[in-house]
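**Student:** Build the 3D model from these lines:
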Amino acid sequence: KYSPDMLDYVFVVYNGIFCTSLLYYLIYTAYKKNNPFINNRSVLPSIVCGIVWAIAMNAYFMALDPKNLGVDTTFPIMSAGPQVISSLWGVLYYKEIKGKRNISYLVIAVMCSLVAVVLVSLSKFDI
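**Tutor:** Have a look, this model is predicted:
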């Protein structure tokens, strides 16, 4: 019988990711004849990003638990959130989208996504 606690599966997911990354690294090292290129300046930021990602994945697994939000509520939030954030980065930092018409389309799309997330979240509760 499987465990109903979603945090019991975190270790398995992390081990799978670690083993796959290690396999890719070993293949890359063999391809480069034991002389891989490693940018020393990127090692610490990579570790920090991995830690932040691990914290986010733990929160995701906790939210997936039926006692909390559950799958039907968590998945739309986890799908819409990164899209909205990456769109904002694209507009505000990288200046990828220009023109009032395109910005207005993006604002409408972001608002629709946020309204959808709020409605899906509220559907979990009896009002």
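**Student:** Low-confidence bits of this protein, can you list those?
**Tutor:** Of all residues in the chain, none has pLDDT under 70.
**Student:** The helix or strand harbouring S79: which residues count as buried?
**Tutor:** S79 belongs to helix 71-92 when elements are defined using DSSP states H and E. Buried residues in helix 71-92, counted by 16 or more other CB atoms under 10 Å: 73-74, 76-78, 80, 84, 87, 91. (Each C-beta comes from the backbone N, C-alpha and C, glycine too.)
**Student:** now swap in stretch 16-28 and tell me
**Tutor:** In stretch 16-28, no residue is buried by neighbour count (16+ other CB under 10 Å).
**Student:** mind listing the helices for this structure?
**Tutor:** 10-31, 43-64, 71-92, 100-122 (DSSP state H).
**Student:** Run through the neighbouring helices and strands of the second one.
**Tutor:** This means helix 43-64. Packing partners of helix 43-64 (3 or more CB pairs under 8 Å, 6 or more residues apart in numbering; DSSP states H and E): helix 10-31, helix 71-92.
**Student:** Show me what the last one packs onto, helices and strands only.
**Tutor:** In this structure, helix 71-92 makes packing contacts with helix 43-64, helix 100-122, judged by 3+ CB pairs under 8 Å, 6+ apart.
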